[in-house]
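Visitor: this one's structure only:
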């Protein structure tokens with residue numbers, strides 16, 4: 001929509017652009033950072049190089065209609081932004097970025113550490129091809145993709161030194177920009193070979209061969225990381241295995257304790273076996289409480305009163321260091337007190353998920 005609206009200038013394209021931005025923000029609020037990237041794109045774009053500059057007033061190189069469309073999208077999302085701000089505690093677990101954070105961003109965006117150099121070289125070739133091509137145009141791939149790739153992560157990383165808000169998955173919408181730059185680099189090499197075909201055939205074949213080898217090399221280097229990320233071991237929580245373990249070993253009347261309470265989410269991936277367990281610590285269901293996993297009782301006495309006719313208890317928890325968590329709330333401490341008279345029948349690990357079956 002930006003590529004249409006900027007040279008055309010008509011209100012309908014800017015309205016469509018604003019609607020697209022609003023939809024982007026609706027599905028991913030961090031996606032609104034693309035507005036900052038587009039602002040940089042417009043600053044890098046010289047409308048005087050266009051055959052017919054778009055109508056409409058400007059502030060420097062920034063069209064007022066872009067500002068109006070962007071502002072309208074943000075205003076429409078105002079209620080959602082207010083709700084999201086009230087839920088900011090949901091990202092309180094984020095920490096301040098460091099060198100390892102940036103290193104992981106570069107490595108994972110490239111696909112693997114071995115791919116960093118070839119991807120960077122091809123991206124630079126794409127920037128050069130976009131800026132030096134004979135048919136250079138104001139809104140070239142470099143002007144569009146480079147700010148899209150760099151600006152949103154840079155803003156989130158910078159903001160995170162004051163208030164941590166950065167996580168790599170929040171900026172994955174920038175990955176297509178890297179693909180555009182790499183694709184432009186490959187296309188630039190092929191285009192160079194095409195232009196040299198008449199005057200310097202040997203150089204033309206060399207450029208075409210470099211482009212082909214680069215494309216093939218990327219494909220080969222991507223096979224291993226693509227396979228690795230699809231393995232069960234690539235996920236910290238093997239929820240399928242955890243569900244299978246419960247399904248194979250649960251008995252009618254078994255009770256389940258989640259320690260701490262947020263470990264309830266581990267039973268939602270493949271919920272059927274977990275739903276057959278008696279969740280005596282639950283106060284309200286997800287539907288009744290309007291939450292993802294429901295709520296727990298807040299009184300240890302209430303939990304104790306429900307602990308009747310119990311012969312086996314499943315304890316579901318998860319910990320990256322492989323140790324059983326230390327209960328910190330009164331209800332969790334009561335759970336462990338109720339288990340004091342039992343012994344461990346079996347313990348399973350499913351990634352970072354730990355399932356412990358207690359019984360008499």
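Guide: Here it is on my side, so go on. Everything numeric in this text was worked out from a predicted model, so none of it was measured. Numbering: from 1, shown residues only.

Visitor: I'd like the average pLDDT over the longest helix seen in the chain.
Guide: Assignment by DSSP state H gives helix 201-229 as the longest helix of the chain. Averaging pLDDT along helix 201-229 yields 85.

Visitor: buried stuff in it?
Guide: Under the neighbour-count criterion of 16 or more other C-beta atoms under 10 Å, helix 201-229 has 204, 207, 208, 210, 211, 214, 215, 218, 221, 225 buried. From N, CA and C alone the C-beta is placed, and that goes for glycine too.

Visitor: would you mark the buried spots in the following helix or strand past it?
Guide: Moving toward the C-terminus from helix 201-229, the first helix or strand encountered (DSSP states H and E) is helix 239-249. Within helix 239-249, the residues that qualify as buried by neighbour count (16+ other C-beta under 10 Å) are 239, 241, 242, 243, 245, 246, 249.

Visitor: residues in contact with the first one?
Guide: Residues in contact with residue 239 (C-beta atoms under 8 Å, 6 or more residues apart in numbering) are 266, 269, 270, 350, 353.

Visitor: could you measure from the second one over to residue 340?
Guide: Translated: residue 269. Applying C-beta to C-beta, to the nearest Å, the value for residue 269 to residue 340 is 30 Å.

Visitor: distance to residue 140 added to the buried residues of helix 201-229, as CSV?
Guide: Shown next, in CSV, are those (distance: C-beta to C-beta, whole Å):
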residue, distance to residue 140
204, 23
207, 20
208, 22
210, 22
211, 19
214, 21
215, 21
218, 22
221, 27
225, 30
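
Visitor: off-centre distance for the longest helix of the chain?
Guide: Mean-position distance between helix 201-229 and its chain equals 27 Å (C-alpha atoms, centre = their mean, to the nearest Å).

Visitor: packing partners of that helix?
Guide: helix 116-132, helix 175-195 (3 or more C-beta pairs under 8 Å, 6 or more residues apart in numbering; DSSP states H and E).

Visitor: what sits up against the shortest one?
Guide: In this case it means helix 116-132. With C-beta under 8 Å, 6+ apart as the criterion, helix 116-132 contacts 106-107, 110-111, 136, 140-143, 145-146, 178, 180-189, 191-192, 214, 217-218, 221.

Visitor: of these, buried ones?
Guide: 110-111, 140-143, 145-146, 178, 180-189, 191-192, 214, 218, 221.

Visitor: need phi/psi at the closest residue to residue 95 other than its chain neighbours.
Guide: Nearest residue to residue 95, sequence neighbours excluded (C-beta to C-beta, 6 or more residues apart in numbering): residue 164, at 5.6 Å. Dihedral angles phi and psi of residue 164 (degrees, to the nearest 10) take the values phi -60, psi 120.

Visitor: same check, this time on residue 309
Guide: phi 50, psi 40.

Visitor: got it, and the one 3 residues further on?
Guide: Backbone geometry at residue 312, expressed as degrees, to the nearest 10, gives phi -140, psi 140.

Visitor: count the neighbours of residue 267 for me.
Guide: Neighbourhood size, residue 267 [other C-beta atoms under 10 Å]: 24.

Visitor: spatially nearest residue to it (excluding sequence neighbours)?
Guide: Distances taken as C-beta to C-beta, 6+ apart place residue 274 nearest to residue 267, at 3.6 Å, with adjacent residues excluded.

Visitor: dump the residue contacts of the one you found.
Guide: By C-beta under 8 Å, 6+ apart, the contact list for residue 274 reads 243, 246, 256, 267, 316.

Visitor: can you check residue 161 too?
Guide: Listed by C-beta under 8 Å, 6+ apart, the contact partners of residue 161 are 96, 97.

Visitor: how much space separates it from residue 32?
Guide: As judged by C-beta to C-beta, residue 161 and residue 32 stand 20 Å apart.

Visitor: same deal with residue 329?
Guide: From residue 329 to residue 32 the distance is 37 Å (C-beta to C-beta).

Visitor: checking residue 22 next. Helix, strand or coil?
Guide: Look at residue 22: counting by DSSP: H, G, I helix; E, B strand; the rest coil, its state is helix.

Visitor: max pairwise distance over the contacts of residue 274: which two?
Guide: The largest separation in the contacts of residue 274, counting by C-beta to C-beta, is between 243 and 256 at 12.6 Å.

Visitor: spit out the residues that contact these two alike.
Guide: Residues touching both residue 243 and residue 256 (C-beta under 8 Å, 6+ apart): 267, 274.

Visitor: list the residues that contact residue 339.
Guide: Contact analysis of residue 339 by C-beta under 8 Å, 6+ apart lists 257, 313, 315, 358.

Visitor: one more time with 7 Å
Guide: Each residue near residue 339 by C-beta atoms under 7 Å, 6 or more residues apart in numbering is listed here: 313, 358.

Visitor: what's the distance between it and residue 201?
Guide: Per C-beta to C-beta, residue 339 is found 80 Å from residue 201.
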